[in-house]
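Undergrad: okay, predicted coordinates and the sequence, questions at the end:
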Amino acid sequence: MQVEIRADGVHIEGYVNVPGRESKPVITSKGQKVIEVIEPRAFQRAIDKSSNISATLDHNKSRVLAQTSDGTLELREDSVGLRAKTIITDPEVVEAAKQRKLKGWSFGMTKILDKIEERAGELPLRKVMDFSLDHVTIVLHKNPAYAATSIEMRTDDEPEEIETRADDCEINFADMVGTPKKQVDLLKYQNRINKLKVGK
């Protein structure tokens, strides 16, 4: 994830998930512990069939930061994986970015079409072939380990299971003009201070 703090907000871009890669152990909505693989192009199919996908904060649907319907969130699956691009103006996210506290991306999916393969001596392999992408989320207060949480929502009086996923990622922060901040060599300054002390 690339995070750049600019005058118009926090510019965030990066991969939410990489299809074809095995996950850490996750729990499905049926309570089964599995290793999961999302098949290539499943994200793009989910994007194509959705009229709107929102970007939230920590899976909180009342904290919508951006959305595809108004162009504030761009989502696409390229040759690597699900790539997201957005500009966030939410004050809490802006402040968290300044303090380098953002932890990564996560996403929620529903209506999952999958196939479970039993494996001798290993956790079953769950191949996710199709799903609806409910949302992507910026992770701030939660931990972005690739793990599942089943959340029961109600839509038109019908229960709906949302499985949330997160992925470990490297985050690169940049300053107000969009250039990476230089690492400060504290030892160099400490040596200068010590020399000045000796000089006294």
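TA: Looks like it arrived, so ask away.
Undergrad: CA only for contacts and neighbour counts going forward, please
TA: Noted.
Undergrad: mind listing the helices for the chain?
TA: 42-48, 91-98, 186-199 (DSSP state H).
Undergrad: residues of the shortest one that come out buried?
TA: Within helix 42-48, the residues that qualify as buried by neighbour count (16 or more other C-alpha atoms under 10 Å) are 42-47.
Undergrad: longest single strand anywhere in the chain?
TA: Assignment by DSSP state E gives strand 122-139 as the longest strand of the chain.
Undergrad: give the rounded mean pLDDT of that one.
TA: The average pLDDT within strand 122-139 is 95.
Undergrad: same check on stretch 14-29?
TA: Taken as a whole, stretch 14-29 has an average pLDDT of 88.
Undergrad: distance between that stretch and the chain's centre?
TA: The chain centroid and the centroid of stretch 14-29 are separated by 11 Å, computed with C-alpha atoms, centre = their mean, to the nearest Å.
Undergrad: so what touches it?
TA: Contact with stretch 14-29 is made by 1-2, 33-41, 80-85, 105-107, 123, 136, 146-150, 161-163, 166-167, as judged by C-alpha atoms under 8 Å, 6 or more residues apart in numbering.
Undergrad: buried ones in it?
TA: Residues of stretch 14-29 classed as buried by neighbour count (16+ other C-alpha under 10 Å): 14-20, 23, 25-29.
Undergrad: could I get those residues as JSON lines with distance to Arg100?
TA: Below are the buried residues of stretch 14-29 laid out as JSON lines (distance: C-alpha to C-alpha, whole Å):
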{"residue": "Gly14", "distance to Arg100": "16"}
{"residue": "Tyr15", "distance to Arg100": "18"}
{"residue": "Val16", "distance to Arg100": "18"}
{"residue": "Asn17", "distance to Arg100": "21"}
{"residue": "Val18", "distance to Arg100": "24"}
{"residue": "Pro19", "distance to Arg100": "27"}
{"residue": "Gly20", "distance to Arg100": "30"}
{"residue": "Ser23", "distance to Arg100": "26"}
{"residue": "Pro25", "distance to Arg100": "28"}
{"residue": "Val26", "distance to Arg100": "28"}
{"residue": "Ile27", "distance to Arg100": "30"}
{"residue": "Thr28", "distance to Arg100": "32"}
{"residue": "Ser29", "distance to Arg100": "33"}
